[in-house]
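# build me a model:
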Amino acid sequence: MKKSKTPTFLLELPLRVDAGQSRRLRAHFEAARCLYNALLGEAMKRLRAMRADPAWQEARSIPQTHKQERREAFSHLRQAYGFSEYALHEFAKEANCSWIADHIDSVMAQTLATRAYQAANRVCLGKAKKVRFKSKGRGLDSVENKRNNTGLRFVLQPPEEGNQGWLIWGKDRLEALIDWNDPIIRRGNTIRTEKLSYRAWQKRYGKSVGRNAPGMFLEQLRRTVASTGGTLSEFPTHSTKLSQYCHGCQTYVKKPLSERWHHCPCGIGPVQRDLYSAWLAAHLTPANTIPSLAQDSWEGADLRLRAAVEVLQQRAKEGQALPRSVGIPRAGARLPESLTPNRLELVYRHGRLEALG
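You can find the predicted model right below:
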């Protein structure tokens, strides 16, 4: 019988820790890493032994149409070699030796066993080629508990007492920094963003995608929006083509990636390309791929987008590093000429400094 599923969401909160607590947290995670690797190694050892059994090849030779017979054959092999989630739970009791038990309780050890089994089972089913053990430098990125009444758990004050929360792990009580006035929520809880392939980004941009983690940012944004009852919708880029669209003349003009400013002969622009695309996205509706907006709405938006560019330009002048996609790559960079039409231009000619225009 399948377990009933209820709607859930994840909320990530930073913690305030002192030096001692930080040291103990690192020790907890190191113990969890060692236990996870031991469980993963045991799962792969059982998988290799199971595949080496001649009965494994016999089970594979059973025709796909005989589903019940194949299922029983593989189930018997899994049981014989202890390749199952609950069998690995039993091994976790043995692997959770004295020094690890000081950091990881039995319930968390079971969740690590489940995690290791799922990784090994993907190899068993042909969904992955290999498993990845956690090195000391890479570490374990997260741990979890099964329930919130023992071991690792989060405690929130009752409304009548306050709104503070703590994460309890062992003897430590770690204060959670809860921002009840999240800036994202203050601006609205309806978010629209482009539907992108971050795997394709990795092929094109390499390790920089991993360092900046755009997929992780979007997932965190989705959780934040969901926690307030808002919505986050993604629209396809191949049909909307907002970076190529001009609402003034309602035409599409393909631009190279190096061109970071939208400046149309119809009079729209110059405006930073990404900011303009974001403004167009705010006027998209799910049923249409062309932004629906009135021409007079551009008058106020034009000033706001220029003000946003001025803020970025000021940051560049102060020496802050900005993404190259902004189009202001270095300190002291200037905006396009038409953004400052009253600027006095100077030229050095024949040993004299002359003013033009």
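# quickly find the element holding residue 239.
Residue 239 is part of helix 237-240, with elements assigned from DSSP states H and E.
# check which helices and strands the helix or strand following that helix is in contact with.
Next along the chain after helix 237-240, taking DSSP H and E as the criterion, comes strand 245-246. Where contact means 3 or more C-beta pairs under 8 Å, 6 or more residues apart in numbering; DSSP states H and E, strand 245-246 is packed against strand 251-252. Heads up, the C-betas are built off the backbone N, CA and C, glycines and all.
# and for the strand it packs on, what are the contacting residues?
Residues outside strand 251-252 that contact it (C-beta atoms under 8 Å, 6 or more residues apart in numbering): 241, 244-246.
# can you get me the start-to-end distance on stretch 238-247?
By C-alpha to C-alpha, to the nearest Å, the extent of stretch 238-247 from end to end equals 17 Å.
# and what of stretch 13-25?
End-to-end distance for stretch 13-25, by C-alpha to C-alpha: 16 Å.
# tell me the pLDDT at the most centrally placed residue in the chain?
In the chain, the residue lying closest to the centroid (C-alpha atoms, centre = their mean) is residue 216, at 0.9 Å. Per-residue confidence (pLDDT) for residue 216: 78.
# that one in helix, strand or coil?
Here residue 216 is recorded as helix under DSSP: H, G, I helix; E, B strand; the rest coil.
# run the chain-centre distance for the helix or strand where residue 113 lies.
Following DSSP H and E, one finds residue 113 within helix 106-124. Taking the mean of its C-alpha atoms, helix 106-124 sits 23 Å from the chain's own mean (C-alpha atoms, centre = their mean, to the nearest Å).
# with only the CA atoms kept, save that helix in CSV.
Taking C-alpha atoms only, helix 106-124 is exported to CSV below (Å, rounded to 0.1, in the frame of the first residue of the first chain):
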residue,chain,number,x,y,z
SER,A,106,20.1,5.8,15.0
VAL,A,107,17.3,7.6,13.2
MET,A,108,19.7,9.8,11.2
ALA,A,109,21.8,6.7,10.4
GLN,A,110,18.7,5.1,8.8
THR,A,111,18.2,8.2,6.6
LEU,A,112,21.8,8.0,5.5
ALA,A,113,21.4,4.2,4.8
THR,A,114,18.3,5.0,2.7
ARG,A,115,20.3,7.7,0.8
ALA,A,116,23.1,5.2,0.1
TYR,A,117,20.7,2.5,-1.0
GLN,A,118,19.0,4.8,-3.5
ALA,A,119,22.3,5.8,-5.0
ALA,A,120,23.4,2.1,-5.4
ASN,A,121,19.9,1.1,-6.7
ARG,A,122,20.2,3.6,-9.5
VAL,A,123,23.3,1.7,-10.7
CYS,A,124,21.4,-1.6,-10.3
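# buried sites along it?
Of the residues in helix 106-124, those with enough neighbours to count as buried (16 or more other C-beta atoms under 10 Å) are 108-117, 119-121, 123-124.
# and the contacts of it?
Outside helix 106-124, the residues that reach it (C-beta under 8 Å, 6+ apart) are 32, 35-36, 39-40, 42-44, 47, 83-85, 88-89, 91-93, 95-96, 104, 128-132, 143-147, 150-152.
# filter those to the buried ones?
Going by neighbour count (16+ other C-beta under 10 Å), these have 32, 35-36, 39-40, 42-44, 47, 83-84, 88-89, 91-92, 95-96, 104, 131, 143, 145, 151-152 buried.
# right, I'll call it a day here.
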